[in-house]
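Novice: Just to be clear, the model below is a prediction. Sequence and coordinates:
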Amino acid sequence: MFKKGSKLYGILKGVCPKCHHESMYTNPNPYAVTQLFEMQDNCSHCNTKYKMEPSFFYGSMYVSYAVGIAFAVAAFVISYLFLGSSLKVAFVAIVAVMFIFYPVIIRVSRNIWINLFMSYDKNLD
C-alpha cells in the first residue's frame with residue numbers, strides 16, 4: 001500500500017509522480033517555511049516537468065481546503081470526543097493543529113494535485 005509505485009507513496013513522500021526517485025521539492029522538509037513552495041523544475045532521473053503549465057498548482061488550493069477540513073475534523077474528534085474536552089478547548093485544538101500542520105497540508109495538497117494528473121511508470125526504474 002505504501003510501497004514504491006503506489007499513489008500513496010508518491011503523495012506521502014513528495015517524490016516524482018512518474019519514477020518515485022527524487023523529491024519534487026528543493027528542500028523536502030515542509031517546516032523549512034522559507035522554501036515551502038520551492039520546487040525542482042524537472043526530475044533529474046526521468047526529466048518529468050513538474051509545472052506542466054503556468055499556475056498549475058493553483059488547483060491544489062481546492063485540495064488544500066479538503067485536507068485542512070480533514071485535519072480539523074480529526075483534531076475535533078480527538079480533543080472533544082476521545083479526550084472529553086469542552087467545545088472551547090476543542091476549538092483551540094483545531095486552531096493549534098491547523099497552525100502546526102499548515103506546511104504539511106500545503107505539501108500534501110500539492111502532492112495529491114500532481115498525482116491526479118500523472119501516474120507511476122514502472123518502466124522508468
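Specialist: The structure has been received and is ready for your questions. Keep in mind that what you see is a predicted model, and the values were worked out from it rather than measured.

Novice: So what's the residue count around the residue nearest to Gly14 when sequence neighbours are not counted?
Specialist: Distances taken as C-beta to C-beta, 6 or more residues apart in numbering place Asn111 nearest to Gly14, at 5.2 Å, with adjacent residues excluded. Where you see a C-beta, it was placed from the backbone N, CA and C, and this is true even at glycine. Number of residues near Asn111 (other C-beta atoms under 10 Å) recorded here: 22.

Novice: Okay, buried residues for the helix or strand containing Asn111 please.
Specialist: Secondary structure from DSSP states H and E places Asn111 in helix 87-117. Neighbour counts over helix 87-117 (16 or more other C-beta atoms under 10 Å) mark 90-91, 93-94, 97, 101-102, 105-115 as buried.

Novice: again with stretch 54-65
Specialist: Of the residues in stretch 54-65, 57, 59-60, 63-64 count as buried by neighbour count, 16+ other C-beta under 10 Å.

Novice: got a markdown table for those residues, with distance to Ile78 and pLDDT too?
Specialist: A markdown table is the format used below for these (distance: C-beta to C-beta, whole Å; pLDDT from 0 to 100):
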| residue | distance to Ile78 | pLDDT |
| --- | --- | --- |
| Phe57 | 30 | 91 |
| Gly59 | 30 | 92 |
| Ser60 | 26 | 94 |
| Val63 | 23 | 96 |
| Ser64 | 21 | 96 |
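
Novice: Give me the most central residue, this structure.
Specialist: For the chain, the residue nearest the mean C-alpha position is Val108 (0.5 Å; C-alpha atoms, centre = their mean).

Novice: from memory that residue sits against Ala70, does it?
Specialist: No. Applying C-beta atoms under 8 Å as the test, Val108 and Ala70 come out as separate, 9.8 Å apart.

Novice: if we can go back for a sec, with distance to Ala74 as extra columns, can I get the buried residues of stretch 54-65 in CSV?
Specialist: Below are those laid out as CSV (distance: C-beta to C-beta, whole Å):
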residue, distance to Ala74
Phe57, 24
Gly59, 24
Ser60, 20
Val63, 17
Ser64, 15
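
Novice: Looking at those, which are in helices?
Specialist: When DSSP state H defines the helices, the subset of the buried residues of stretch 54-65 inside them is 60, 63-64.
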